[in-house]
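Trainee: next comes the sequence, and after it the predicted model I'd like to discuss.
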Amino acid sequence: MTPAVRLALAAAALVVVAAGIFVVRERSPRTILIAGKTVGPNGAALSDVRVTLEVSPTGSEEETAIERVETQSDARGNFSISFQGHWRRASYRLEARKPGFEKLSIDDATSLRNPVTLRFRQSQ
């Protein structure tokens with residue numbers, strides 16, 4: 001085998017490996033991590049806030065299969081949600097509730113950057 005043929009075979013093998021990695025990566029669901037703090041109108045920490053991540057698959061026949069992951073903020077208002085998805089394409093909605101305060105909803109939770117501050121207003 002000539003050096004030119006060996007080089008061509010090595011280049012072709014590299015292309016095949018790179019394409020395989022790309023396909024596996026595109027098919028893999030991603031881990032979503034949302035962490036931050038819940039605070040009241042005056043900026044003080046709010047404890048016991050129920051924070052829910054709602055995950056809905058998109059672009060498939062499973063669009064009605066919604067998963068929810070919940071947590072509660074601690075005494076310092078800190079919370080964290082980690083979710084390993086099952087679908088390659090999904091929408092992620094974050095909702096936070098505390099009695100006496102207005103509900104917070106964020107439709108595109110993947111656009112959030114950690115740490116997140118969820119600021120609540122008193123209910124009217």
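Mentor: That came through fine.
Trainee: name the element residue 105 belongs to?
Mentor: Assigned by DSSP states H and E, residue 105 belongs to strand 104-106.
Trainee: report all helices and strands that that strand contacts.
Mentor: Using 3 or more Cβ pairs under 8 Å, 6 or more residues apart in numbering; DSSP states H and E, the elements in contact with strand 104-106 are strand 90-97. To be clear about C-beta, it is placed using only N, CA and C from the backbone, and glycine gets the same treatment.
Trainee: any idea how far residue 93 is from residue 51?
Mentor: Look at residue 51 and residue 93: by Cβ to Cβ, to the nearest Å, they are 12 Å apart.
Trainee: now swap in residue 37 and tell me
Mentor: The value you get for residue 37 to residue 93, if Cβ to Cβ is used, is 20 Å.
Trainee: what pairs with the helix or strand hosting residue 71, parallel or antiparallel?
Mentor: Following DSSP H and E, one finds residue 71 within strand 67-72. Using DSSP bridges, the strands paired with strand 67-72 are strand 50-57 (antiparallel).
Trainee: just the C-alpha atoms of the partner strand, please, in CSV.
Mentor: Extracted C-alpha coordinates of strand 50-57, given in CSV (Å, rounded to 0.1, in the frame of the first residue of the first chain):
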residue,chain,number,x,y,z
ARG,A,50,-42.4,24.9,45.2
VAL,A,51,-40.4,25.0,42.0
THR,A,52,-41.5,22.7,39.1
LEU,A,53,-39.8,21.9,35.8
GLU,A,54,-42.3,20.6,33.3
VAL,A,55,-40.8,18.8,30.3
SER,A,56,-42.9,18.1,27.2
PRO,A,57,-41.5,16.2,24.1
